[in-house]
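Student: Let's see this in three dimensions:
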Amino acid sequence: MPRQYFGTDGIRGEVGQSPMTVGFALRLASAAAKVLAPEGGSVLIGKDTRVSGYMFESALEAGFVASGVDVLLTGPLPTPGVAYLTRSLGADFGIVISASHNPYYDNGIKFFDREGEKFSDELEEAIEHHLSDTPRTRSSKSLGQAKNVSSARVDYQNFCKATIPEGISFSDLKVVVDASHGAGYKVVPRVIAELGAEVIPVGCSPNGRNINDGCGSTRPDLLMLTVAGVRADVGIALDGDGDRVLMVDAEGTLIDGDQLLFILTRDRLEQGTLRGPVVGTVMTNLGLEVALRDLGVDFRRAQVGDRHVLAMLKEHGGILGGEASGHLICLDKATTGDGLVIALQVMAIMTRTGASLQELASGMQHFPQTMLNVKVANRVDPAAEPAIQQAVGEVQATLGDRGRVVLRASGTEPVIRVMVEGENEGTVAALAERLADSVRTAVGA
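Tutor: The predicted model follows:
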C-alpha cells in the first residue's frame, strides 16, 4: 500500500497545513500506539527549537497517554540523541519533532525503533492504515504517564564524548560552533568545551523562529567568515536537528560531507579498523570515488537518501557512508547520522596526527560538477528513452573513466536532472549543455 504521509524521512510539511496540524498529531500518536504498543509501553519524544515544537509535543503526549503509553520527554535534543536515548533507556520507540534543515514554519515527525534505527516502510504503512481511526482514550487505570527525562542531555553528551579515544584533548584547538539555532545549541558547544577546546558559539541562540536562518550547514557563509576572522583552527556547522555536519578549515574554506567521509575512511584504513565498503550516493562527487580507489578502498553508490546508504552499509557489512550534505553515518559509533559525533571523530584525527583540517582534506580532489534541470511536459523515465541513452553514452565515452553522467527524473516535479562530472570545468559544462539539449529534443521539453 503506497504511503500517503510518510516520506523519505518521516512526515513533514508547513505548520497549520495538512498534515502538520494538532489534530493529525493526535491521530498519529493513537495510530502509532495501536501498531507499536497495543498493550502499553513507552515512547521517548525529543524536538528541535521551533516554536511549533511545543504544540506538537503536547498533542503527541496526549495521544500516547490516552492510549496507555508512557511518554518520556527530553526537550530540545539533536535527532541522533533521541536515537541513542531510545536504545539506552529501553523505550519501545522514539520520536523526533523536527523538519531538519527546513525553515521554522515547517515541522515534521519521525520515528526510531527500540534499536535507535529508522522505521521500515512496512511499519510506516501499518501506522498510516490506522490514521483514519478515532483516537482512543483508555480508562483512568490504564492511562500512560508522562515525565521529563532530566538527565537526557547529559547522558547524550557523555555518549558523544565516549566516541573518541580516551586521553584525547582538544586543548590546542580553537573551535567555532554553529548549531543553526537548532537542537544542538546547548549540547555541541558544551561537549567540545568539556573536551578542552576554546569554543566560540554562533547560531546558538534560538528564539523559536531563527532555526536554519542564515546559518548552519545550509548557510555556512557566516561560519566561514567567523573562523577566518577569529583565527580559529576549525569550524563546525550543523543543521537544525543536528544529524548533518559540515566543517570549515582555518582558512575559512568549506569542507563538505564527501571530504569528511574521505578523512574518516583514510584514517580508519591506516588504523586497521575499516570494514566493508564505503557507501556514497549517485550524487557523491567522483573525486571521492577516485581518491578511495587510489587507496584500494571499495566504494559503492546507493540512491539519494541516508536510508538507502544505511541499507547498503548493512547489506555489505560496511561502517562508513554518507552524502555531500554532511549526513554521514559511522556505524561503529552510532546507529544513525550524528553531526556532533562526526565532528568529534575528525577533530580527534587532527589532534592525534597534528595535521590541520586543510591538510587532511587535501588528499581528495573535488571534480567539477554541472547540474541542469530540464523541464518536461510530462514525467518520463530517461532510462526508457533510446535517444537519451545514446546521448548519455556519447558523453560518457568523451569523459572516459575520469568522468560521470547522472540523469534522474525528479520525484516531485516534471523535471529531469542532468549532472555531468569530470576533471575539466569547461568540458563538463559544455557536455552538460549538450546532454540537456538532447533531453529536450527527445522528450519535447
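Student: Next, the residue lying closest to S30 once chain neighbours are set aside: secondary structure please.
Tutor: Excluding the flanking residues, the one nearest S30 by CB to CB, 6 or more residues apart in numbering is P135, at 3.9 Å. C-beta: built from backbone N, CA, C; applies to glycine. Here P135 is recorded as coil under DSSP: H, G, I helix; E, B strand; the rest coil.
Student: P135: how many residues sit nearby?
Tutor: 17 (other CB atoms under 10 Å).
Student: shouldn't it be in contact with L60?
Tutor: No - between P135 and L60 there is no contact under CB atoms under 8 Å: 11.4 Å.
Student: domain ranges for this protein?
Tutor: Domain assignment for the chain, taken from automatic domain parsing, gives 11-150, 156-252, 255-361, 369-443.
Student: can you give me the end-to-end distance of the second one?
Tutor: Using CA to CA, to the nearest Å, the span of domain 156-252 from its first residue to its last is 30 Å.
Student: before we move on, what about the last one?
Tutor: Here the two ends of domain 369-443 are set 24 Å apart, with distance taken as CA to CA.
Student: what does the first one give?
Tutor: One end of domain 11-150 to the other measures 27 Å (CA to CA).
Student: which neighbours do P135 and L60 share?
Tutor: L26, A29 (CB atoms under 8 Å, 6 or more residues apart in numbering).
Student: Spatially central residue in the chain, please.
Tutor: What sits nearest the mean C-alpha location of the chain, by CA atoms, centre = their mean, is H327, with 3.7 Å.
Student: ok, that one - contacts?
Tutor: Neighbour list for H327: D243, R244, G257, D306, G337 [criterion: CB under 8 Å, 6+ apart].
Student: so what's the backbone phi/psi at it?
Tutor: phi -80, psi 90 (degrees, to the nearest 10).
Student: Surely A228 is in contact with E251?
Tutor: Yes - shown here, A228 and E251 form a contact pair, counting by CB under 8 Å, at 6.5 Å.
Student: more crowded one of those two?
Tutor: The neighbour comparison of A228 against E251 (other CB under 10 Å) goes to A228, with 17 against 11.
Student: could you pull out the strands for the stretch 1-150 of the chain?
Tutor: 11-14, 41-47, 69-76, 93-97, 106-113, 146-148 (DSSP state E, counting those that start in this stretch).
Student: The stretch 251-400 of the chain now?
Tutor: Using DSSP E, counting those that start in this stretch, strands in the stretch 251-400 of the chain cover 254-255, 278-281, 299-302, 320-322, 328-330, 369-375.
Student: so what strands line up beside the shortest one?
Tutor: So that's strand 254-255. Strand 254-255 has its sheet partners listed here by DSSP bridges as strand 245-248 (antiparallel).
Student: The last one now?
Tutor: For strand 369-375, the paired strands and their directions (DSSP bridges) read strand 415-421 (antiparallel).
Student: Past the partner strand, which element shows up next along the chain?
Tutor: For strand 415-421, the following helix or strand on the C-terminal side (DSSP states H and E) is helix 425-443.
Student: now for that following helix, which elements pack on it?
Tutor: Contact here means 3 or more CB pairs under 8 Å, 6 or more residues apart in numbering; DSSP states H and E; on that basis helix 425-443 packs against strand 369-375, helix 386-399, strand 404-409, strand 415-421.
Student: can you pull the buried residues of stretch 53-60?
Tutor: For stretch 53-60, burial by neighbour count (16 or more other CB atoms under 10 Å) applies to G53, M55, F56, E57, A59, L60.
Student: Distance from that stretch to the middle of the chain?
Tutor: Relative to the chain's own centre, stretch 53-60 is displaced by 23 Å; criterion: CA atoms, centre = their mean, to the nearest Å.
Student: swap in stretch 166-176?
Tutor: Centroid displacement of stretch 166-176 relative to its chain, using CA atoms, centre = their mean, is 25 Å.
Student: so for it, what's the average pLDDT?
Tutor: Averaged across stretch 166-176, pLDDT comes to 97.
Student: Pull it out as CSV, backbone CA atoms only.
Tutor: What follows is stretch 166-176, C-alpha atoms only, in CSV (Å, rounded to 0.1, in the frame of the first residue of the first chain):
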residue,chain,number,x,y,z
GLU,A,166,40.4,8.1,25.9
GLY,A,167,43.0,10.7,26.6
ILE,A,168,42.3,12.8,23.5
SER,A,169,42.1,16.5,24.4
PHE,A,170,41.2,19.4,22.3
SER,A,171,43.0,21.9,24.5
ASP,A,172,45.1,23.1,21.5
LEU,A,173,42.1,23.8,19.3
LYS,A,174,40.0,27.0,18.9
VAL,A,175,36.6,25.9,17.5
VAL,A,176,33.7,28.0,16.1
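Student: Give me the contact list for it.
Tutor: 192, 195-202, 223, 226-227, 230-236, 248, 347-348, 350-352.
Student: mind running it again at 6 Å?
Tutor: Residues outside stretch 166-176 that contact it (CB atoms under 6 Å, 6 or more residues apart in numbering): 192, 195-200, 226-227, 232-235, 347-348, 351.
Student: Of those, select the buried ones using a PyMOL command.
Tutor: The PyMOL selection below is limited to those of these classed as buried (16+ other CB under 10 Å):
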select buried, resi 192+195+197+198+199+200+226+227+232+233+234+235+347+348+351
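Student: Please list the members of the contacts of stretch 166-176 that lie in strands.
Tutor: Here DSSP state E is the test, and those give E198, V199, I200, V234, G235 as lying in strands.
Student: just to revisit the earlier point, now mean neighbour count too, for the strands of the stretch 251-400 of the chain, in JSON lines please.
Tutor: Formatted as JSON lines, the strands of the stretch 251-400 of the chain follow (neighbours: other CB atoms under 10 Å):
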{"stretch": "strand 254-255", "mean neighbour count": "22"}
{"stretch": "strand 278-281", "mean neighbour count": "26"}
{"stretch": "strand 299-302", "mean neighbour count": "19"}
{"stretch": "strand 320-322", "mean neighbour count": "28"}
{"stretch": "strand 328-330", "mean neighbour count": "25"}
{"stretch": "strand 369-375", "mean neighbour count": "16"}
